[in-house]
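Undergrad: here's my sequence, what's the structure:
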Amino acid sequence: MRNVQRRPGRNNGNRKAQHFWPTTKRLIAYLRPWKYGVLFSIVLAIGSVILSILAPKILGEATTIIYNGVMKGYAGIKAGQHLTSLPIDFHRIMMIGVTVILLYVFSGLFSFVQQITMTRISQRVVYNLRQDLENKIGRVPVSFYDTHSNGDIMSRMVNDMDNIAGTLQQSFIQIITSTITFVGVLILMLTISWRLTLVALIIIPLSLAVVAFVAPTAQKLFARQQAELGKINAQVEETYAGHTIVRTFNKESDEEKKFGKTNHHYYQAAWKAQFFSILIFPLMNFIRNLGYLMVAVVGAIQVIHGQITLGNVQAFLQYTNQFAQPLTQIANLSSTIQQTIASAERIFTVLDEPEMNNDLIEDHPLTTTPVPKIEFDHVKFSYRPEEPLIEDFNLKAPKNHMVAIVGPTGAGKTTIINLLERFYEIQGGHIYLDGHDTRSMTRQDLRSHIGMVLQDTWLFTGTIMDNIRFGREDASDEEVYQAARMAYADNFIRELPDGYQTVLNEAASNISQGQRQLLTIARAFLANPEILILDEATSSVDTRTEALIQNAMNDLQKGRTSFVVAHRLSTIRNAEQIIVVNHGHIIETGNHEQLMKANGFYADLYNSQFMGNQI
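TA: Reported below is the predicted structural model:
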């Protein structure tokens with residue numbers, strides 16, 4: 001398990017890095033295991049640039065040799081010499097040509113090897129970073145998931161990782177090569193002519209002015225484009241999810257108008273963003289051509305006056321073309337680098353999240369007899385310090401008993417289950433399993449004793465067989481069938497075209513909600529836990545399915561302690577013990593008959609539901 005450095009701070013989706021240099025330093029630290037590979041890649045990149053910028057100057061010598069030979073030949077003809085060919089050193093020109101070709105070949109080869117090297121390194125860095133994030137996700141408390149949406153976590157795992165990979169693979173080296181190109185070209189230009197260099201430098205302030213105006217404007221417009229695109233995506237997703245309701249209330253035309261308006265806003269933002277994005281290239285080309293023209297004019301004048309050779313002017317003109325490119329590239333990369341560091345900061349924010357406390361406390365087993373299966377002893381808990389939820393909570397759940405927990409919304413029913421599973425840590429008191437403090441055992445050991453069925457069913461894309469077997473991976477097919485029969489799911493499964501090999505889609509929408517619930521219960525039955533928890537397990541099923549679940553529950557009462565959290569009080573009439581909770585306190589306890597006779601809070605709840613059903 002990789003150790004993760006800790007850094008305070010949070011960035012909730014802001015695409016501009018709040019701590020640029022610390023985050024950059026931390027990201028570069030992930031390159032440390034491959035530092036020699038990165039160094040090798042940088043050397044290759046520098047070598048490729050140097051070879052490519054040397055070629056024009058060497059090629060200019062060939063032009064000079066041809067020019068001098070032509071001029072010497074015409075001078076000889078004017079002097080009356082009979083020449084069958086111009087006195088041009090073609091052997092020297094051929095050698096120069098071969099040299100230039102080799103320079104470009106090796107420059108391309110160095111660049112190719114460098115890209116392969118950095119591609120592998122960048123993918124390994126992102127692999128390790130993604131692995132760290134995945135490991136971290138498994139160590140953060142449940143409260144992290146309560147405060148972060150699934151889409152946000154997925155965005156960090158996928159989009160932000162891709163941003164980092166692209167930058168490390170291309171932009172990182174491109175910054176180096178652009179800088180080397182700019183400096184190298186400037187030096188070679190100075191070696192040719194400092195006067196022409198001054199002429200060429202006129203384009204720098206013009207280029208910077210264009211970049212300073214266009215780049216920030218384009219960035220703002222792209223941000224607006226992405227915002228408008230997000231609105232379109234949200235509307236399409238919302239309309240698609242509720243297409244039945246839209247059609248039922250004849251709202252198709254309204255939705256089309258709404259989409260047309262949103263689509264128009266996106267169109268306006270998109271074409272402006274694209275316009276400014278492409279505007280920088282013709283403007284930079286114009287400035288570069290302007291510089292090219294000025295250098296050509298001044299260079300021609302210097303050639304006429306014999307102040308510079310024609311070959312050097314040719315080489316200088318090529319350098320003029322190369323001179324503005326690094327400036328444009330670095331300007332374009334500045335926005336990319338900012339976004340990449342912002343992505344890294346979002347990932348490091350998750351890596352810096354507080355982790356679950358895995359320290360085990362010293363166990364002091366209960367000595368009372370009989371020892372209950374589960375006991376809450378003076379438990380205290382609150383999600384926020386200023387808002388106490390559970391105070392001095394006490395509960396004993398005997399072995400082989402069904403304990404029902406009822407109460408109004410927000411009374412703390414589900415919180416009690418979360419504390420039992422150690423999804424959250426108690427802030428006072430003790431919770432015991434078989435007389436042993438649950439904080440003296442690992443979470444994995446504790447949860448191996450518990451099976452849980454939630455109101456929100458979770459089934460993954462795969463066969464029904466695999467989904468049920470998720471409860472116990474080493475279960476045989478016959479054990480899966482038996483668990484399905486106990487959950488009264490076997491009949492509907494076998495009626496499906498592919499039976500247990502039926503593949504559930506992403507949302508398991510190819511079966512009904514009640515059938516999905518039965519499959520999750522079958523999964524819990526296959527796990528065969530000592531403690532079974534049903535958290536609103538029947539709240540989303542029809543009456544017949546509810547009866548099937550209740551029959552299955554009754555069959556499984558033997559040898560198992562069961563907790564049932566329910567609003568529908570008709571589902572827990574047979575519970576040996578009913579705990580009525582309100583504001584984190586037990587206000588009543590007993591079985592159904594006893595609580596009804598007491599004519600208290602439970603009786604009011606039950607009668608209100610009963611009267612509602614009668615109505």
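
Undergrad: okay, now residue 450: neighbour count?
TA: By other CB atoms under 10 Å, the residues close to residue 450 number 21. In this view, the C-beta of every residue, glycine as well, is placed from N, C-alpha and C.

Undergrad: touching, it and residue 529? I think so.
TA: Yes: at 5.4 Å, residue 450 counts as touching residue 529 under the criterion of CB atoms under 8 Å.

Undergrad: for stretch 597-606, list every residue counted as buried.
TA: Residues 601-603, 605-606 are the ones in stretch 597-606 that count as buried (16 or more other CB atoms under 10 Å).

Undergrad: likewise for stretch 300-320?
TA: So stretch 300-320, judged by 16+ other CB under 10 Å, has buried residues 302-303, 308-320.

Undergrad: tell me which of these fall in strands.
TA: Using DSSP state E, no member of the buried residues of stretch 300-320 falls within strands.

Undergrad: sort out which one of those residues lies nearest residue 67 for me.
TA: Within the buried residues of stretch 300-320, proximity to residue 67 (CB to CB) peaks at residue 310, which comes in at 4.4 Å.

Undergrad: and residue 431, how far from residue 243?
TA: As for residue 431, its distance to residue 243 is 46 Å (criterion: CB to CB, to the nearest Å).

Undergrad: more neighbours, the two?
TA: Here residue 431 and residue 243 are compared on neighbour count by other CB under 10 Å; more neighbours surround residue 431, at 21 against 12.

Undergrad: tell me the mean pLDDT for stretch 101-117?
TA: What stretch 101-117 shows for mean pLDDT is 94.

Undergrad: alpha carbons of it, as PDB, please.
TA: Extracted C-alpha coordinates of stretch 101-117, given in PDB (Å, rounded to 0.1, in the frame of the first residue of the first chain):
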ATOM      1  CA  ILE A 101      19.200  14.400 -44.500                       C
ATOM      2  CA  LEU A 102      21.000  12.600 -41.700                       C
ATOM      3  CA  LEU A 103      20.300  15.500 -39.300                       C
ATOM      4  CA  TYR A 104      16.600  15.300 -40.100                       C
ATOM      5  CA  VAL A 105      16.600  11.500 -39.900                       C
ATOM      6  CA  PHE A 106      18.300  11.400 -36.500                       C
ATOM      7  CA  SER A 107      16.100  14.300 -35.300                       C
ATOM      8  CA  GLY A 108      13.000  12.400 -36.200                       C
ATOM      9  CA  LEU A 109      14.400   9.200 -34.700                       C
ATOM     10  CA  PHE A 110      15.300  10.900 -31.400                       C
ATOM     11  CA  SER A 111      11.800  12.500 -31.300                       C
ATOM     12  CA  PHE A 112      10.200   9.100 -32.000                       C
ATOM     13  CA  VAL A 113      12.100   7.300 -29.200                       C
ATOM     14  CA  GLN A 114      11.500  10.200 -26.800                       C
ATOM     15  CA  GLN A 115       7.700  10.000 -27.400                       C
ATOM     16  CA  ILE A 116       7.700   6.300 -26.900                       C
ATOM     17  CA  THR A 117       9.600   6.700 -23.600                       C
END
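
Undergrad: what sits up against that stretch?
TA: 37, 40-41, 44-45, 47-49, 51-52, 54-55, 58, 169, 173 (CB atoms under 8 Å, 6 or more residues apart in numbering).

Undergrad: for that stretch, buried residues please.
TA: Of all the residues in stretch 101-117, those buried under the rule 16+ other CB under 10 Å are 103, 107, 110-111, 113-115, 117.

Undergrad: quick check: the farthest pair among those residues?
TA: Spatial extent of the buried residues of stretch 101-117 (CB to CB) is set by the pair 103 and 117 at 21.0 Å.

Undergrad: sketch out the low-pLDDT regions of the stretch 201-350 of the chain for me.
TA: Low-confidence segments of the stretch 201-350 of the chain, defined by pLDDT under 70: 215, 219, 222-223, 226-227, 230, 237, 241, 331-332, 335.

Undergrad: now do the helices in the stretch 51-200 of the chain.
TA: Taking DSSP state H, counting those that start in this stretch to define them, one finds helices in the stretch 51-200 of the chain at 90-137, 142-147, 150-155, 161-166, 172-192, 194-200.

Undergrad: of all the ones you listed, which one is nearest residue 259?
TA: helix 150-155 (21.2 Å).

Undergrad: starting at the chain centroid, how far to that closest one?
TA: 6 Å (CA atoms, centre = their mean, to the nearest Å).

Undergrad: pLDDT (mean, whole number) over it?
TA: Within the predicted structure, the mean pLDDT of helix 150-155 is 74.

Undergrad: what about the helices in the stretch 351-500 of the chain?
TA: Counting by DSSP H, counting those that start in this stretch, the segments of the stretch 351-500 of the chain that form helices are 413-420, 443-447, 464-469, 477-486, 490-495.

Undergrad: for the residue nearest to residue 561 when sequence neighbours are not counted, list the residues it contacts.
TA: Distances taken as CB to CB, 6 or more residues apart in numbering place residue 373 nearest to residue 561, at 4.2 Å, with adjacent residues excluded. Contacts here follow CB under 8 Å, 6+ apart; on that basis residue 373 touches 397-401, 433-434, 530-531, 561.

Undergrad: much appreciated, bye for now.
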